[in-house]
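>>> Kindly return the folded structure for what I paste below:
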Amino acid sequence: MSTISDAITKDHRELEQYYNEIINSNDHDHQERFGNQFTWELARHSVAEELLVYPAFEKHMGDKGHKMAESDRKEHHRVKELLKEFQNMKPQQPEYIPKLKELWGVLSAHIEEEEHNDLPALESALTMAKGAGESENMAKKFGLTKGFVPSRSHPSAGENPYFESALGLLATPIDRIADIFRKFPDQKVSPNPSTK
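Numbering: from 1, shown residues only. From the prediction side, this is the model:
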């Protein structure tokens with residue numbers, strides 16, 4: 001059983017792999033496929049964190065958790081804005097790689113803070129409040145949630161879990177239908193969210 005920290009860190013490493021695939025290639029088809037994969041994973045990851053992890057900060061860590069959640073929501077909003085710009089570009093555009101690098105600069109700083117400060121604090125709080133199994137339960141919910149959220153960035157949905165849930169339910173089917181027509185690595189159609 002993996003913890004919530006393990007699940008989130010695994011996503012972070014996958015995002016880094018997809019980023020490197022894009023910037024280290026000159027093949028536009030390869031860049032497009034991994035750009036779609038990067039967008040698909042980051043959009044789902046971000047919303048799942050906002051729906052599950054940030055409320056857990058607030059619930060289990062009091063004022064400190066609330067400040068952490070608010071800071072992370074602001075960082076996520078900037079990431080979503082940049083992802084929205086990136087997801088609408090094609091590798092043939094000269095701004096494609098610079099936009100991705102700009103996005104990665106903001107995202108990698110967020111990842112560093114999350115992995116070194118936020119997640120260890122959450123794991124400690126979960127263990128103290130609920131026992132060792134709570135983190136594993138959150139990891140399961142995190143994986144399931146990623147199967148039901150939008151696969152594209154929608155910064156206008158905000159970061160509030162209540163609004164984002166409602167708006168996400170409206171956007172998800174549209175995103176999933178559009179994904180059918182996008183290219184992904186090793187596949188002709190979009191990945192199956194229930195298998196990730």
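
>>> Show me the strands in this structure, by range?
All residues of the chain lie outside strands when identified by DSSP state E.

>>> Confidence-wise, which helix or strand of it is lowest on average?
Least confident helix or strand, the chain: helix 161-179 with a mean of 69, by mean pLDDT, DSSP states H and E.

>>> Within its local environment, how many residues does residue 108 see?
Close neighbours of residue 108, defined as other Cβ atoms under 10 Å, add up to 14. Quick note: C-beta positions are derived from backbone N, CA and C, even for glycine.

>>> so what's it up against?
By Cβ atoms under 8 Å, 6 or more residues apart in numbering, residue 108 lies in contact with residue 16.

>>> ok, now residue 92?
Counted by Cβ under 8 Å, 6+ apart, residue 92 has contacts residue 28.

>>> Can you pull the phi/psi pair for it?
Main-chain torsions, residue 92, degrees, to the nearest 10: phi -70, psi -20.

>>> And it, how close does it get to residue 31?
When Cβ to Cβ, to the nearest Å is the yardstick, residue 92 and residue 31 sit 9 Å from each other.

>>> ditto for residue 129
Distance from residue 129 to residue 31, counting by Cβ to Cβ: 44 Å.

>>> neighbour-wise, which of those two wins?
More crowded of residue 129 and residue 31, by other Cβ under 10 Å: residue 31, with 22 against 12.

>>> can I assume the more buried one is in contact with residue 89?
No. At 10.2 Å, residue 31 does not count as touching residue 89 under the criterion of Cβ atoms under 8 Å.

>>> shared neighbours of those two, anything?
Shared contacts of residue 31 and residue 89 (Cβ under 8 Å, 6+ apart): residue 96.

>>> Using PDB, write out every CA atom in stretch 29-44.
Coordinates of each C-alpha in stretch 29-44 appear next as PDB, following Å, rounded to 0.1, in the frame of the first residue of the first chain:
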ATOM      1  CA  ASP A  29       5.000  14.300 -33.200                       C
ATOM      2  CA  HIS A  30       6.900  13.000 -30.200                       C
ATOM      3  CA  GLN A  31       6.600  16.400 -28.500                       C
ATOM      4  CA  GLU A  32       2.900  16.600 -29.200                       C
ATOM      5  CA  ARG A  33       2.200  13.100 -27.800                       C
ATOM      6  CA  PHE A  34       4.200  13.800 -24.600                       C
ATOM      7  CA  GLY A  35       2.800  17.300 -24.400                       C
ATOM      8  CA  ASN A  36      -0.700  15.800 -24.300                       C
ATOM      9  CA  GLN A  37       0.400  13.300 -21.700                       C
ATOM     10  CA  PHE A  38       2.000  16.000 -19.600                       C
ATOM     11  CA  THR A  39      -1.200  18.100 -19.800                       C
ATOM     12  CA  TRP A  40      -3.500  15.100 -19.100                       C
ATOM     13  CA  GLU A  41      -1.500  14.100 -16.000                       C
ATOM     14  CA  LEU A  42      -0.900  17.600 -14.600                       C
ATOM     15  CA  ALA A  43      -4.500  18.700 -14.900                       C
ATOM     16  CA  ARG A  44      -5.900  15.600 -13.200                       C
END
